[in-house]
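>>> Structure here, sequence nowhere to be found:
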């Protein structure tokens, strides 16, 4: 027997008290049913059809009371796809970090920064020479680097020493030398190496990519004088080394083996380069210049 039948039996029983109690129960039942129907409609549960039994209503109400309230799926979709400013923007849900997430991101950022700071200078100041061949020295380097060039030439069996560089940017009217190549070659000869093994190779005046212009000038000079050496070791200073090797490889093209000899920069401590203004400028400038040479720099003068 259904709950509705039981309530009707109670309502039809004899006695005023029994009828009053029955009427009260019926009234309470309809009131409860109305609340359940209203709640069900608000929550979007349209699976219930009228007429239903009171037990079905009570079961549905109990289930919805214990379960979390959900938003109508169609309403959620409309909220998700709500557009503003003439359809140029729309509302979307996204995940945001909790305090644990922000802490993890902060730790990862600090660790990444420390790793980059510790490794960027050794990465730029690469030292990877090849055996034999020619030794090429950039003439703009300071005297301590030119002294190291003499020592490097004495330690290994090189067939010649070439000094490259473009026009002097400071003091040219007061100097008998017009280019860094000539000045560097004269400095090396004065430091003790014979002039018969030192050959200056001046480069033309350019507004940018001076290292690449020096490499091209050396390649043309070697071909013009019939020197067909396929091995070159370029001696450079500190963080300038990796970019120098890259630009020489671009200038000489295939068929040449380019090595690099990096002389430690004595103007700052390479292990704590960020603590010195000279080191900070040198490393950051060379890092940006290397990225430009690797990703952006192009030339049509490189021959296969």
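That came through fine. As the structure is a computational prediction, the values presented were derived from the model and not from experiment.

>>> burial count for residue 274?
15 (other C-beta atoms under 10 Å). Every residue, glycine included, has its C-beta placed from N, CA and C.

>>> Surely it is in contact with residue 118?
No: using C-beta atoms under 8 Å as the test, residue 274 is too far from residue 118 to be in contact (9.8 Å).

>>> Which residue ranges of the stretch 51-200 of the chain form helices?
Here the stretch 51-200 of the chain has its helices, by DSSP state H, counting those that start in this stretch, at 54-66, 73-80, 99-124, 143-155, 180-190.

>>> out of these, deepest packed?
Each of the helices of the stretch 51-200 of the chain was scored by mean neighbour count; the highest is helix 180-190, a mean of 22, by mean count of other C-beta atoms under 10 Å.

>>> What does residue 156 show for phi and psi?
Phi and psi for residue 156, reported as degrees, to the nearest 10, are phi -130, psi 160.

>>> so who does it touch?
By C-beta atoms under 8 Å, 6 or more residues apart in numbering, the contact set of residue 156 is 129, 131, 132, 135, 233.

>>> Name the nearest residue to the fourth one, sequence neighbours excluded.
Translated: residue 135. Using C-beta to C-beta, 6 or more residues apart in numbering and skipping the chain neighbours, the partner closest in space to residue 135 is residue 158 (4.4 Å).

>>> Roughly how far does the one you found sit from residue 102?
57 Å (C-beta to C-beta, to the nearest Å).

>>> Just the ones of the contacts of residue 156 in strands?
Judged by DSSP state E, the subset of those located in strands is 135, 233.

>>> buried subset of the contacts of residue 156?
Listed as buried from the contacts of residue 156 are 129, 132, 135, 233; burial here means 16 or more other C-beta atoms under 10 Å.

>>> Surely the first one and residue 234 touch.
This means residue 129. No: Residue 129 is beyond contact range of residue 234, at 9.1 Å (criterion: C-beta under 8 Å).

>>> Give me the common contacts of those two.
With C-beta under 8 Å, 6+ apart, residue 129 and residue 234 have common neighbours 259, 260, 261.

>>> Which one of those residues is nearest to residue 214?
Of all the shared contacts of residue 129 and residue 234, residue 214 sits closest to residue 260, with 14.4 Å by C-beta to C-beta.

>>> Let me see the contact set for that closest one.
Applying C-beta under 8 Å, 6+ apart to residue 260 gives the contacts 126, 127, 128, 129, 233, 234, 236, 241, 242, 244, 245.

>>> Quickly list what the third one is bridged to.
Put plainly, it is residue 128. residue 260 (DSSP bridges).

>>> Backbone dihedrals for residue 269, please?
phi -80, psi 120.

>>> dump the residue contacts of it.
Contacts for residue 269 (C-beta under 8 Å, 6+ apart) come out as 275, 276, 279.

>>> Give me the residue ranges of the stretch 151-300 of the chain where confidence is low.
Where the stretch 151-300 of the chain drops to pLDDT under 70, the residues are 174, 300.

>>> in this structure, which spans are strands?
83-84, 89-90, 134-138, 161-165, 198-202, 231-237, 257-263.

>>> Let me have those strands in JSON lines, extended by distance to residue 177.
Listed next are the strands of the chain as JSON lines, based on distance: least, C-beta to C-beta, whole Å:
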{"stretch": "strand 83-84", "distance to residue 177": "69"}
{"stretch": "strand 89-90", "distance to residue 177": "65"}
{"stretch": "strand 134-138", "distance to residue 177": "15"}
{"stretch": "strand 161-165", "distance to residue 177": "10"}
{"stretch": "strand 198-202", "distance to residue 177": "9"}
{"stretch": "strand 231-237", "distance to residue 177": "19"}
{"stretch": "strand 257-263", "distance to residue 177": "22"}
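
>>> Residue 284: which of these is closest?
strand 231-237 (16.0 Å).

>>> distance between that closest one and the chain's centre?
30 Å (C-alpha atoms, centre = their mean, to the nearest Å).

>>> Can you give the strand pairings for that strand, parallel or anti for each?
Strand 231-237 is paired, per DSSP bridges, with strand 134-138 (parallel), strand 257-263 (parallel).

>>> Show the average pLDDT along the first one.
The reference is to strand 134-138. For strand 134-138, the mean per-residue pLDDT is 93.

>>> I'd like to check the angle between it and helix 180-190, please.
110 degrees (axes from the mean of the first three to the mean of the last three C-alpha atoms, to 10 degrees).

>>> Can you verify my assumption that residue 133 contacts residue 234?
No: between residue 133 and residue 234 there is no contact under C-beta under 8 Å: 10.5 Å.

>>> Is there a neighbour count for residue 88? I'd like the number.
Neighbour count of residue 88, defined by other C-beta under 10 Å: 7.

>>> hmm, which of the contacts of residue 269 are the buried ones?
For those, buried by 16+ other C-beta under 10 Å: 276, 279.

>>> Please consider this matter closed, and thank you.
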